[in-house]
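**Student:** requesting a structural model of the entry that follows:
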Amino acid sequence: KYSIKSIMLFNSTQWTKETWSIQSMLKNISYMKKMQQFWLTSISLYNMLHVQFIKKSLPDLEIYSSVTLHIKELEMARYIKKLWVDIITIPEEMNRDFKFIEDIKTKLWFKIQVMLNEWCIKNCPFRDMHFDISVNWWEFSEDWKNFNKDWLMPNFHCVSFFKENRRYIFRSCFIRPEDVSNYEDKVDYFKIVSRDYDSIKIENILKAYINQKYSWNLFDIVDFPVSPDWKSVKFIDNDLLTKKNFFQKIQHCPHDCDTCFACDQYFND
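**Tutor:** Presented below is the predicted three-dimensional model:
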């Protein structure tokens with residue numbers, strides 16, 4: 001009933017003169033061919049200049065557009081369609097925009113993938129920088145790491161928004177296990193965020209989404225950007241969100257926190 005795909009991430013947002021070289025690309029292609037013999041069926045790609053090169057060398061390899069492309073407009077999706085991309089990954093901030101998802105599906109006949117348990121603020125202004133940091137962290141000097149030992153000084157990036165206004169927790173674009181059924185006729189693939197987790201936690205998250213139910217703390221299964229220890233909110237009753245019709249209400253969020261207090265009501269409850 002359930003199928004899990006092996007996807008290789010080839011979606012770095014930064015390139016040097018060495019990684020741009022033909023020799024480097026041929027080396028990557030050689031590695032992909034080797035892995036294709038064992039497990040590799042798909043690749044997630046950020047740099048669209050590589051698509052045709054990879055597709056011509058490995059025509060059977062499925063190409064996913066990386067979420068880091070931030071495809072938020074139908075026009076951009078049309079261009080991606082012309083570049084031999086097979087599956088488009090919807091950016092998290094578009095997860096609750098069913099019209100956008102349906103337009104991609106019905107007008108472009110794209111297969112669609114959504115991220116399930118990503119929990120950053122919607123339209124985070126630091127998003128690209130976070131991707132770059134995750135790629136290059138090991139290259140930074142020890143002095144720089146020590147200076148930023150709290151992970152880029154949380155008071156000065158998106159964590160500060162959560163500190164300032166806890167309602168942003170619900171404005172994030174995660175999809176709860178109980179809400180997956182609303183997407184089953186609209187998207188083709190679901191991806192869990194799990195890169196920093198151990199195998200036990202990954203298994204628990206996977207079980208929650210397969211069963212489409214999790215009766216405990218929502219923080220357990222959703223990839224919150226940092227530990228919630230810095231705030232008073234450490235536990236969110238996921239069952240209570242279901243009873244309070246969370247999905248139906250948040251799906252019609254007016255994006256105007258000064259006039260809408262639905263998220264505050266969730267916290268009060």
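
**Student:** Tyr214 is in contact with Asp220, correct?
**Tutor:** Yes. Shown here, Asp220 and Tyr214 form a contact pair, counting by CB atoms under 8 Å, at 7.3 Å. No exception for glycine: its C-beta is placed from N, CA and C like everyone else's.

**Student:** between the two, who's got more neighbours?
**Tutor:** Taking neighbours as other CB atoms under 10 Å, Asp220 and Tyr214 compare with Tyr214 leading, 21 against 15.

**Student:** shared neighbours of Asp220 and Tyr214, anything?
**Tutor:** Shared contacts of Asp220 and Tyr214, defined by CB atoms under 8 Å, 6 or more residues apart in numbering, are absent.

**Student:** list the residues that contact Asn217.
**Tutor:** Per CB under 8 Å, 6+ apart, neighbours of Asn217: Phe235, Ile236, Asp237, Asn238.

**Student:** again, but for Val114
**Tutor:** By CB under 8 Å, 6+ apart, the neighbours of Val114 are Thr89, Ile90, Asn95, Ile101, Ile175, Tyr183, Val187, Tyr189, Phe190, Lys191.

**Student:** show me the contacts for the third one.
**Tutor:** Asn95 makes contact with Val114, Met115, Cys173, Phe174, Ile175 under the criterion CB under 8 Å, 6+ apart.

**Student:** at 7 Å instead, please
**Tutor:** Applying CB atoms under 7 Å, 6 or more residues apart in numbering to Asn95 gives the contacts Val114, Cys173, Ile175.

**Student:** hmm, back to that, just the buried ones out of the contacts of Asn217, please.
**Tutor:** Among the contacts of Asn217, the ones that count as buried by 16 or more other CB atoms under 10 Å are Ile236, Asn238.

**Student:** of the contacts of Asn217, which one scores lowest on pLDDT?
**Tutor:** On pLDDT alone, Phe235 ranks lowest of the contacts of Asn217, at 85.

**Student:** roughly how far does that one sit from Leu206?
**Tutor:** Taking CB to CB, to the nearest Å as the measure, Phe235 falls 22 Å from Leu206.

**Student:** how about Asp97?
**Tutor:** Asp97 sits at a distance of 26 Å from Leu206 (criterion: CB to CB).

**Student:** and if you look at Ile121?
**Tutor:** Ile121 is 25 Å from Leu206, by CB to CB.

**Student:** run through the stretch 151-269 of the chain and note the low-pLDDT ranges.
**Tutor:** Across the stretch 151-269 of the chain, the ranges flagged by pLDDT under 70 are 151-157, 225-232.

**Student:** ok, 50 please
**Tutor:** Along the stretch 151-269 of the chain, segments meeting pLDDT under 50 span 154-155, 228.
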